[in-house]
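Engineer: The sequence isn't on hand, but the structure is:
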């Protein structure tokens, strides 16, 4: 940022998926040359951006509630002769931009997820119009140009674990989903640009990168060799970047799980043995109504092929209960699929209609009552919870490489993630630090201790429903510590 620029405070609140987290960080990058610097609260901010998600129930109402809390702050700033620009970005903005401006006319900017590279222009327009009602900036058209071609390089260190968007949009048109309408058609970034961004992330300190896309395994980007690269081919190239220790990707569709990607799980050690592969239902009748374009047995076969390639692969998935017309037999088929497959983690939700989707306009289909939805969801979550706890318990006694990312609430506590995306808590007593540093059997005592941003082998001591407790190994192995670049 130009040191001559006047520092301005930017507060971004992010809802929803990892792609929104990535987008929020890139919005900050776009605004940095204008003098905006991120702050942790909206108090006294010169600009507030709500980066919204439209997937879950009552998404728009949550945005309006937050806007109501922001309005007094904006008015207080104006009373002081200052300006607080309020912007609504993301998928709710894309789907309901006009309604946002009707119900909250004090909002200055409303823009969809494909146009935030135009933020400098939008900010200039909003600043000129000031408090004029009816003069808000509304940008919800899908641009011809891909936003990624216009984004600046990263302006802030990414941390040890970073997100990298490689694909956006979706052409699948599941009947319950708004993504094709809010994110647009599938687009894959050229492989050379993905590789260049990955190298910058690693140079800035990242040792783990998660590749993002609404339908990430549909990636089909232009390769440096002039051909079209699949996600599997891209992963193999990324794994060759020195210092990049871990790779992940999310979110996937079963239809796009091709042989090249499955073989990457077998052949690429950096690709973590954890995969989020949504199935949504175990009933073929419901899957057809959802327009998923695969059957339950197709999912089973894909899982079998993946586990044959990588026997220690752990799976996560998404489930919707109470889809219109779902019978008790349909729901029982979902429970059967869960029992047969076994999941280390899962996300499950009651169906809620999203405006503008085919499922919301279904005619002649019996709707599932809220009480039935709630009861089915409770049964499903109980089963999934049992499976997650069993998976966690199977980790007890094992040594796992954990990437420690943040401090815990207590002194000496570190929190990280295992290769299987389990949350791992490690508490180190100060006396242990002193003992390790003085132990002449350890060449570098400090390297036998955890540190944020470090990948370190620990021993799992206990399992909890959603996390693991770890301890330092009595004798670190040769591979117990891997710092960035080693």
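Structural biologist: Cool, got the structure. What you see is a predicted model; the values in this text were computed from it and never measured.

Engineer: how much space between the residue lying closest to residue 384 once chain neighbours are set aside and residue 139?
Structural biologist: In this structure, residue 384 finds its nearest non-sequential neighbour in residue 346, 4.5 Å apart by Cβ to Cβ, 6 or more residues apart in numbering. C-beta coordinates here come from the backbone N, C-alpha and C atoms, glycine included. According to Cβ to Cβ, to the nearest Å, residue 346 stands 36 Å off from residue 139.

Engineer: Against residue 235, how distant is residue 399?
Structural biologist: Look at residue 399 and residue 235: by Cβ to Cβ, they are 26 Å apart.

Engineer: Would you map the helices across the protein?
Structural biologist: 18-31, 59-79, 90-103, 119-129, 179-182, 191-203, 231-238, 259-267, 284-289, 296-309, 328-341, 370-393, 430-438 (DSSP state H).

Engineer: who wins for proximity to residue 358 among those?
Structural biologist: Of all those, helix 284-289 sits nearest to residue 358, with 9.4 Å by Cβ to Cβ.

Engineer: I'd like to know which elements the closest one is packed against.
Structural biologist: Judged by 3 or more Cβ pairs under 8 Å, 6 or more residues apart in numbering; DSSP states H and E, helix 284-289 is in contact with helix 328-341.

Engineer: buried set for the helix it packs on?
Structural biologist: For helix 328-341, burial by neighbour count (16 or more other Cβ atoms under 10 Å) applies to 330-331, 333-335, 337-338, 341.

Engineer: With stretch 84-104 instead?
Structural biologist: 84-97, 100-101, 104.

Engineer: Could you list the low-pLDDT ranges of the stretch 351-486 of the chain?
Structural biologist: 429-449, 475-486 (pLDDT under 70).

Engineer: redo that, cut-off 90
Structural biologist: 354-356, 363-366, 406-413, 427-454, 473-486 (pLDDT under 90).

Engineer: That one: strands as residue ranges?
Structural biologist: Counting by DSSP state E, counting those that start in this stretch, the stretch 351-486 of the chain has strands at residues 399-407, 413-417, 423-427, 455-463, 467-471, 481-482.

Engineer: quick one: contacts of the second one?
Structural biologist: The one in question is strand 413-417. Residues outside strand 413-417 that contact it (Cβ atoms under 8 Å, 6 or more residues apart in numbering) are 161, 402-408, 423-428, 450-452.

Engineer: got TSV for the buried residues of helix 328-341, with pLDDT and distance to residue 212 too?
Structural biologist: Converted to TSV, the buried residues of helix 328-341 look like this (pLDDT from 0 to 100; distance: Cβ to Cβ, whole Å):
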residue	pLDDT	distance to residue 212
330	98	32
331	98	31
333	98	31
334	98	27
335	98	31
337	98	26
338	98	26
341	98	24
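
Engineer: hmm, which two among the residues you listed are most spread apart?
Structural biologist: Every pair of the buried residues of helix 328-341 checked by Cβ to Cβ; the farthest is 330 and 341, at 16.9 Å.

Engineer: one step back: from the contacts of strand 413-417, which would you call buried?
Structural biologist: The buried subset of the contacts of strand 413-417 - by 16+ other Cβ under 10 Å - is 161, 402-405, 424-428, 450.

Engineer: how about these in CSV, adding distance to residue 467?
Structural biologist: Listed next are those as CSV, based on distance: Cβ to Cβ, whole Å:
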residue, distance to residue 467
161, 17
402, 12
403, 15
404, 14
405, 14
424, 7
425, 6
426, 11
427, 13
428, 17
450, 16
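
Engineer: Quick check: mean pLDDT of stretch 81-89?
Structural biologist: Stretch 81-89 carries an average pLDDT of 94.

Engineer: ok now that stretch, how far from the chain's centre?
Structural biologist: 27 Å (Cα atoms, centre = their mean, to the nearest Å).

Engineer: Between the two ends of it, how far is it?
Structural biologist: Distance between the two ends of stretch 81-89: 26 Å, counting by Cα to Cα, to the nearest Å.

Engineer: Same check on stretch 400-417?
Structural biologist: End-to-end for stretch 400-417, by Cα to Cα: 10 Å.

Engineer: which stretches of the stretch 151-300 of the chain form strands?
Structural biologist: 161-165, 167-168, 187-188, 208-212, 220-222, 228-230, 246-250, 274-276.

Engineer: among these, which is nearest residue 179?
Structural biologist: Among the strands of the stretch 151-300 of the chain, the nearest to residue 179 by Cβ to Cβ is strand 167-168 (9.6 Å).

Engineer: Just the residues contacting that closest one, thanks.
Structural biologist: 19, 113-114, 183-184, 186-189, 212-216, 218-219, 221.

Engineer: let's go with 6 Å and repeat that
Structural biologist: Contacts with strand 167-168, where a contact means Cβ atoms under 6 Å, 6 or more residues apart in numbering, come from 183, 187-188, 213, 216, 219.

Engineer: Sort out which one of the residues you listed lies nearest residue 150 for me.
Structural biologist: Closest to residue 150 out of the contacts of strand 167-168 is residue 187 (13.7 Å), distances taken as Cβ to Cβ.

Engineer: in the sheet, who's paired with that closest one?
Structural biologist: Beta bridges link residue 187 to residue 168, judged by DSSP bridges.

Engineer: I'd like to know how many residues surround the closest residue to residue 7 other than its chain neighbours.
Structural biologist: Closest residue to residue 7 apart from its sequence neighbours, by Cβ to Cβ, 6+ apart: residue 37 at 5.6 Å. Neighbours of residue 37 under the rule other Cβ atoms under 10 Å: 16.

Engineer: can you tell me how far residue 37 sits from residue 185?
Structural biologist: Residue 37 is 35 Å from residue 185, by Cβ to Cβ.

Engineer: repeat for residue 266
Structural biologist: 32 Å.

Engineer: Comparing the two, which shows the higher neighbour count?
Structural biologist: Neighbour tally, residue 266 and residue 185, criterion other Cβ under 10 Å: the higher count belongs to residue 266, 13 against 10.

Engineer: And the more buried one, how far from residue 232?
Structural biologist: 10 Å.

Engineer: give me the low-pLDDT residue ranges for the stretch 1-150 of the chain?
Structural biologist: Where the stretch 1-150 of the chain drops to pLDDT under 90, the residues are 1-7, 16-18, 54-62, 81, 95, 127-135, 140-150.

Engineer: change it to 80
Structural biologist: Flagging of the stretch 1-150 of the chain using pLDDT under 80 yields the residue ranges 1-6, 55-59, 128-135, 144-145.

Engineer: again, but for the stretch 201-350 of the chain
Structural biologist: For the stretch 201-350 of the chain, no range has pLDDT under 80.

Engineer: In contact with the nearest residue to residue 231 once chain neighbours are set aside, which residues?
Structural biologist: Leaving aside its sequence neighbours, residue 231 sits nearest to residue 219 (Cβ to Cβ, 6+ apart; 4.1 Å). When contacts are counted by Cβ under 6 Å, 6+ apart, residue 219 touches 166-167, 188, 231.

Engineer: tell me which residues form a beta bridge with the closest residue to residue 188 other than its chain neighbours?
Structural biologist: Closest residue in space to residue 188, ignoring its immediate chain neighbours: residue 221 at 3.9 Å, by Cβ to Cβ, 6+ apart. For residue 221, the beta-bridge partners are residue 229 (DSSP bridges).
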